[in-house]
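In: sequence and predicted structure are below.
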Amino acid sequence: MKHVKAIIVILFLLLVVILAVQNYQALSTPIKFKVNILFLNVESSGLPVFLIAIITFLVGVICTWLYGISERLGFRRQVKTLMKDVKDKEKELNSLRNLPVTTEDMSADQPPVNT
């Protein structure tokens, strides 16, 4: 399975390289961004399309990573709470197991035996 996965990754990377080489001129076209908000007027220098794509991809990876970390921390908190509940339930169960059993308790729970 590792070999199949490696072959698929290599083929995908080869496809990306072929597309990048064939579209080099289109990908290197500079694009300028303008921001006009009330008091803020900013214009970027020309950034090539491939650089914009890479930056966008990296921003997405970072956002996903941060979301994953926050979700993992939430799960850890939930696991701690559930483990505490399990310990409390185990203590309660052990205390109930250690209660003395009397004949009154047994006769109330069981029907009379016919002999």
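Out: Happy to help now that I have it.
In: packing partners for the helix ranked longest in the chain?
Out: Determined from DSSP state H, the single longest helix within the chain is helix 49-97. Packing contacts for helix 49-97, counted by 3 or more C-beta pairs under 8 Å, 6 or more residues apart in numbering; DSSP states H and E, involve helix 24-27. Glycine gets a C-beta too; all of them are placed from N, C-alpha and C.
In: what's the next secondary structure element after the helix it packs on?
Out: For helix 24-27, the following helix or strand on the C-terminal side (DSSP states H and E) is strand 30-31.
In: who does Leu40 form a beta bridge with?
Out: Note on Leu40: beta-bridge partners by DSSP bridges are Ile37.
In: measure it to Lys32 for me?
Out: From Leu40 across to Lys32, the span is 16 Å (C-beta to C-beta, to the nearest Å).
In: and for Arg77?
Out: Taken as C-beta to C-beta, the span from Arg77 to Lys32 is 46 Å.
In: so which residue is dead centre in this structure?
Out: Centroid check for the chain by C-alpha atoms, centre = their mean gives Gly68 as the closest residue, at 3.6 Å.
In: now do the contacts for the residue lying closest to Ser45 once chain neighbours are set aside.
Out: Among residues not flanking Ser45 along the chain, Lys32 sits closest, at 7.2 Å (C-beta to C-beta, 6 or more residues apart in numbering). Contacts for Lys32 were tallied using C-beta atoms under 8 Å, 6 or more residues apart in numbering; they are Glu43, Ser44, Ser45, Gly46, Leu47.
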